[in-house]
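# Give me coordinates for this.
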Amino acid sequence: MQLIFGLVLTLLATPVLIWAAHNYGLLDHPDERKHHQGAIPVVGGLAMSFAIAVSAAWYLAGADIFWGLLVSVSIIVVVGFMDDRTGLSVRRRFLAQGIAGLIMTLFAGAQLTSLGDLFGFGPVALGALAVPFTIFAMVGMANALNLSDGMDGLAGGLALITTVFTAAVAFFSGRADTLLVLLILGGALIGFLCFNMRFPWQRRARVFMGDSGSLMLGFLLAWAVIRVTQGREDALSPAAALWFFAIPLWDTVSLMLRRMLKGKSPFHPGRDHLHHILLRAGYSDSQVVHFIHLVAVACGLIGFLGWRWGVPDAVMFYSFLAIFGLYFYGVQHAWKLMRLIVPLRRQDQTHG
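As a prediction, the model looks like this:
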């Protein structure tokens, strides 16, 4: 029922906000980095936020976590909306995100106190570093998802995949409040993707989520993932949880490293994400989105099955780093791979 509630409210709110966006100029226009066609309303995040807030108020108003979640997420949505509208400096964005993360950490029941047996030498307890590390993890995950929001349906689909796997963990480990929030979030995401994903009857997105949406989703997912990794014997290991968010994390860390190696700021805008590389290799928008989603599902299965089968934390962590190393090498030398891929695709298209 919570999923249906989030879905229906998003489906109802989105057309109203699309109309308002056209009347009040809440539109994303194409530029040198954005190649979508026409001005697209940037209100998908607001629609999802409305649906999640109303649903949470209905189902969670008496819970201890409610006000901490509401206040922290509201800060993120407002700051994201301001960034969409007028643009904010990196410092102001991170300051607001840090404040929201602090509130979520202290008052919404999500705090990383242990990283599990991450290195194979015993559990890694964070102690006095628990709060700052939790805030860092939340801000990092939120911005990783934000940076992956570059194609129709891409970030929303990645968020939905993470939601499904985290909800499955919450279900099997009996985390009722966390599962409830994830069901609401899943419904809101499905409703949003009805307007944002490309379908045979919808050739391009009718709405974007904007920073207000991608950051809000990232923070809520970070909150949920942290909740299911702490405090109980059947908790998901943080090392396994990394796999639920693998694609945004790999893409964000690798592009920041590549930019720094070139002497640029890691926050410098550009077209060097994984989806940009695949597009330059000659794949269509839909093929790129479906491929990345498929890889994200495979990574999520590794994390989930690793948890269910009791794979040691260190094995999950070192394998995650190993795949990241291969990924980084691949994107670092993407131009070499593209010289092989593009001629092959041209041959296929000629024979077709």
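
# In contact with residue 226, which residues?
Taking C-beta atoms under 8 Å, 6 or more residues apart in numbering as the contact definition, residue 226 lies against 110, 111, 112, 134, 137, 138. C-betas here are computed from N, CA, C, even on glycine.

# Next, check those residues against the helices and list the overlap.
The helices, defined by DSSP state H, take in 134, 137, 138 from these.

# how many neighbours does the first one have?
By that I understand residue 134. The local packing of residue 134 (other C-beta atoms under 10 Å) involves 24 other residues.

# now swap in residue 8 and tell me
Residue 8 is flanked by 15 other residues according to other C-beta under 10 Å.

# cool, residue 242 as well?
Burial measure for residue 242: 22 neighbouring residues, criterion other C-beta under 10 Å.

# do the same with residue 204
Quick note: residue 204 (other C-beta under 10 Å) scores 12 neighbours.

# shouldn't it be in contact with residue 198?
Yes - assessed by C-beta atoms under 8 Å, residue 204 is found in contact with residue 198 at 6.4 Å.

# list the residues that contact both of the two?
Residues touching both residue 204 and residue 198 by C-beta under 8 Å, 6+ apart: residue 152.

# Might you report the residue contacts of the residue nearest the centre of the chain?
Central residue of the chain (C-alpha atoms, centre = their mean): residue 145, 3.3 Å from the mean position. Residues counted as contacts of residue 145 (C-beta under 8 Å, 6+ apart) are 155, 158, 159, 214, 215, 217, 218, 221, 245, 248.

# re earlier: return the closest of the contacts of residue 226 with respect to residue 330.
residue 137 (25.6 Å; C-beta to C-beta).

# which residues touch the closest one?
112, 222, 226.

# Relative to residue 77, how far out is the second one?
For residue 222, the distance to residue 77 (C-beta to C-beta, to the nearest Å) stands at 15 Å.

# And the contacts of residue 137, which is closest to residue 315?
Proximity of these to residue 315 (C-beta to C-beta) peaks at residue 112, which lies at 20.4 Å.

# Give me the number of neighbouring residues for the closest one.
Neighbour count for residue 112, taken as other C-beta under 10 Å: 23.

# On the pLDDT front, check the nearest residue to it once chain neighbours are set aside for me.
Distances taken as C-beta to C-beta, 6 or more residues apart in numbering put residue 134 closest to residue 112, at 4.5 Å, once the chain neighbours are dropped. Predicted confidence (pLDDT) for residue 134: 96.

# where in the stretch 101-250 of the chain is pLDDT low?
Along the stretch 101-250 of the chain, the model assigns pLDDT under 70 to no residue.

# Helices of that one, residue ranges please.
Assigned helices in the stretch 101-250 of the chain, in chain order: 130-147, 154-172, 176-196, 210-229, 238-244, 246-261 (criterion: DSSP state H, counting those that start in this stretch).

# and of the ones you listed, who's closest to residue 105?
Closest to residue 105 of these, according to C-beta to C-beta: helix 130-147, at 4.7 Å.

# Report the buried residues of the closest one.
Neighbour-count burial for helix 130-147, counted by 16 or more other C-beta atoms under 10 Å, picks out 130-131, 133-135, 137-147.

# now stretch 12-30
Using 16+ other C-beta under 10 Å as the test for burial, stretch 12-30 gives 13, 14, 17, 18, 21, 26, 28.

# Would you agree residue 169 is in contact with residue 304?
Yes - at 7.0 Å, residue 169 counts as touching residue 304 under the criterion of C-beta under 8 Å.

# Tell me who's in contact with residue 100.
72, 73, 75, 76, 79, 219.

# related to what we said a few turns ago, and which of the contacts of residue 145 is nearest residue 322?
Nearest member of the contacts of residue 145 to residue 322, counting by C-beta to C-beta, is residue 245, at 17.0 Å.

# gap between that closest one and residue 299?
Separation of residue 245 from residue 299 (C-beta to C-beta) stands at 9 Å.
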